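I would like to see how this sequence folds:
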Amino acid sequence: MAKDAPLGEWVSPITSKLIVSKVTRLGSASLAQDGSVCWMEMRPTEAGRSVMVQRLASDGKVQDVTPPVDTGFNVRSRVHEYGGGEHLVAANGKVYFSNFQDQVVYFQDLQPGSKPTALTMADSKLRFANYALDATRNRLIAVCEDHLQDHREAINTIAAIDLNSGAVTHLATGHDFFSFPVLSLDGSKLAYVAWDHPNMPWDDTCLFLADLDTDGRVKGEPRCVAGGKDTSVQQPLWGPDGQLYYVSDKTGWWNLYKLEQSGESTAVMPMAAEFGSPPWLFGMHSYEVLAGGAAVLAVLDDPKVAGSGLGLINIASNTLQRLDTGYTSFGKLAVSGRGVQEEGGELTLVTTAGSANKPSAVVQLKVSSIQQLASSKPSDWQVLKSSSDLDLDAGYLSEPQSIEFPTEGGLTAYMNYYPPRNKDHKFPAGEKPALLVKIHGGPTSAASTVLNLSYQFWTSRGYAIADVNYGGSTGFGREYRNRLRGNWGVVDVNDCCQAARYLADQGLVDGKRLCIDGGSAGGYTTLACLAFR
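Model (predicted):
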């Protein structure tokens, strides 16, 4: 039975030592041609280096693909400095990757003990990311960043790397930034996203489509088929039906679209929800086209629900079914068997996922049909690797509640509210919890709902947490995201202060015991709140 104890006397098993010693960051789950599952691990015990790991399809054995730490290999790209898209698990049984130390592109077989071989030249001052395999022409297509001259800004292009010689050929030029190169199924077209200063990739971007000749050279002028002024496009994908899909916020929300043969675009399940997020990193992949184009599986953010969900869209009926997964956060999706429709086939989905009471993990779901996918349950998901081996009692874990609250100018903002929780303690009558206001970075990021032990450290000791999605955060549409334009240090400060006031006015926290912290862009907002309020 929980005993009365004031703030400062709640005893918790979640210690600072536990937080820093027991977590490995996981990401970028992929499926190899033989059914094995690959993912990336960022390991604090190896000076934070990124390692590719493989789980064999044959016996479930988990092994490192990247050679040991003393070899110096670290799978990470520095293109756009934030990186991402640092590797490709290709259909030819090889993995291609950027090595952090020298930014050379290497390849190796997905077999135990295989050694990486350099593909591009050392000291070339060319960096690569966001790879796609052009098997017919025996080359990689990637974003290339040219640092050949030290006293000018790097030049970005879409380039091809010959898999025999490592020779680099530039395919698309003329813009400040590029991302998401994808090749059509027949190899005749190349789609990619480009944008120019002063825009960020969530401001004004264009989806370009280029025709390729038999040698893979661009024919004619690439044409902008979507995006432009006040529109952000991302994640182009050629579906199994041969159509080009993409995400655009032209209606104010990052929704899915399909480019028709006529050149017109058709919305796929338009709704006030986000099917994309700010592309700070390369390699984002939040949806897959299934069943020959009859269905789409997508990660979506509903502004009124804490966290993300997986939705299955039936294109013919224009309906969306939210899957019961038990998770509230999802990473890159990887799917095999995209054409399966009837019983007898197999569709495999792998991703990284987590929730407020489950640490991030590499998870897998196998079904035999789209119907079975729609009816899948949390127990159908298999955990292949967890980011943490901690086994904490749920009685010490607080779960977030999404709250919409009033803020300046007659507007509303959002937060994830974590009430104090400790099965052994409760406050004496009349005492309310202190509040810790948490401010995410970005600033165009969003509050995550994955189990965060640094949050649970406080909530299990009697503090409440307000994880504020201030104006400028993503997951709430373009208009909400643009509130911060020209008002950084104003809108975010107002919203964070109003979140604290709202919780105090509702009697949920003690308005005289308020704390605040944040990192990166959130650190600036923290200082502004303390200095100006």
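
just the element for residue 403, please.
Residue 403 belongs to strand 401-406 when elements are defined using DSSP states H and E.

just the buried positions in that strand, please.
402, 403, 405 (16 or more other CB atoms under 10 Å). Glycine gets a C-beta too; all of them are placed from N, C-alpha and C.

relative to residue 71, which of those residues is nearest.
The closest of the buried residues of strand 401-406 to residue 71 turns out to be residue 402 (CB to CB; 45.6 Å).

who's in contact with the closest residue to that closest one other than its chain neighbours?
Sequence neighbours aside, residue 306 is the residue nearest to residue 402 in space, at 3.9 Å (criterion: CB to CB, 6 or more residues apart in numbering). Contact analysis of residue 306 by CB atoms under 8 Å, 6 or more residues apart in numbering lists 328, 400, 401, 402, 416, 449.

can you redo those residues as JSON lines with pLDDT and distance to residue 179?
What follows is these, written out as JSON lines (pLDDT from 0 to 100; distance: CB to CB, whole Å):
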{"residue": "328", "pLDDT": "95", "distance to residue 179": "27"}
{"residue": "400", "pLDDT": "94", "distance to residue 179": "31"}
{"residue": "401", "pLDDT": "93", "distance to residue 179": "35"}
{"residue": "402", "pLDDT": "93", "distance to residue 179": "30"}
{"residue": "416", "pLDDT": "96", "distance to residue 179": "29"}
{"residue": "449", "pLDDT": "92", "distance to residue 179": "27"}
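
pull the most distant pair out of those.
The most widely separated members of the contacts of residue 306 are 328 and 401, with 12.1 Å between them, by CB to CB.

what packs against the helix or strand harbouring residue 19?
Using DSSP H and E, residue 19 falls within helix 16-21. Applying 3 or more CB pairs under 8 Å, 6 or more residues apart in numbering; DSSP states H and E, one finds that helix 16-21 makes contact with helix 453-459.

next one: the helix or strand just after the helix it packs on to chain centre, how far?
Moving toward the C-terminus from helix 453-459, the first helix or strand encountered (DSSP H and E) is strand 464-469. From the chain centre to the centre of strand 464-469 is a distance of 21 Å (CA atoms, centre = their mean, to the nearest Å).

related to what we said a few turns ago, buried residues in the helix holding residue 19?
Using 16+ other CB under 10 Å as the test for burial, helix 16-21 gives 18, 19.

hmm, who's touching it?
Residues contacting helix 16-21 (CB under 8 Å, 6+ apart): 44, 390, 453, 454, 457.

quick check: the first one touching residue 24?
Yes - at 7.3 Å, residue 44 and residue 24 qualify as touching, with contact defined as CB atoms under 8 Å.

these two: who's more crowded?
Between residue 44 and residue 24, residue 24 has the larger neighbour count (other CB atoms under 10 Å), namely 19 against 13.

gap between the more buried one and residue 466?
Separation of residue 24 from residue 466 (CB to CB, to the nearest Å): 28 Å.

please apply the same query to residue 473.
13 Å.

what is the rounded mean pLDDT of stretch 145-158?
Across stretch 145-158, the average pLDDT comes to 94.

for stretch 102-118, same thing?
For stretch 102-118, mean pLDDT rounds to 93.

who touches it?
If you take CB under 8 Å, 6+ apart as the criterion, stretch 102-118 is touched by 32, 34, 36, 38, 54, 63, 65, 67, 73, 77-78, 89, 93-99, 119-124, 126-128, 140, 142, 161, 163, 166.

now these: which count as buried?
Buried, going by 16+ other CB under 10 Å: 32, 36, 38, 54, 65, 73, 77-78, 89, 94-99, 119-120, 124, 126-128, 140, 142, 161, 163, out of the contacts of stretch 102-118.

a strand runs through residue 502, doesn't it?
No - under DSSP: H, G, I helix; E, B strand; the rest coil, residue 502 falls outside any strand and is assigned helix.

now do the same contact list for the spatially closest residue to it that is not a sequence neighbour.
Excluding its sequence neighbours, the residue lying closest to residue 502 (CB to CB, 6+ apart) is residue 405, at 4.1 Å. Taking CB under 8 Å, 6+ apart as the criterion, residue 405 is in contact with 412, 413, 414, 415, 498, 499, 502.

check residue 160 too.
134, 137, 139, 140, 141, 142, 168, 169, 171, 216.

try 7 Å
134, 139, 140, 141, 169, 171, 216 (CB atoms under 7 Å, 6 or more residues apart in numbering).

for residue 267, see how far away the fourth one is.
According to CB to CB, residue 141 stands 28 Å off from residue 267.

quick one: which of these two has more around it?
It is residue 141, of residue 141 and residue 267, that has more neighbours when counted by other CB under 10 Å, with 26 against 14.

just checking: what are the partner strands of the strand or helix carrying that one?
Here residue 141 sits within strand 139-146, counting by DSSP H and E. Sheet pairing of strand 139-146 (DSSP bridges) gives strand 126-134 (antiparallel), strand 155-162 (antiparallel).

got TSV for the ones you listed, with distance to residue 420 too?
Listed next are the strands paired with strand 139-146 as TSV, based on distance: least, CB to CB, whole Å:
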stretch	distance to residue 420
strand 126-134	43
strand 155-162	48
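
relative to residue 404, how far out is the residue nearest to residue 402?
From residue 306 across to residue 404, the span is 11 Å (CB to CB).
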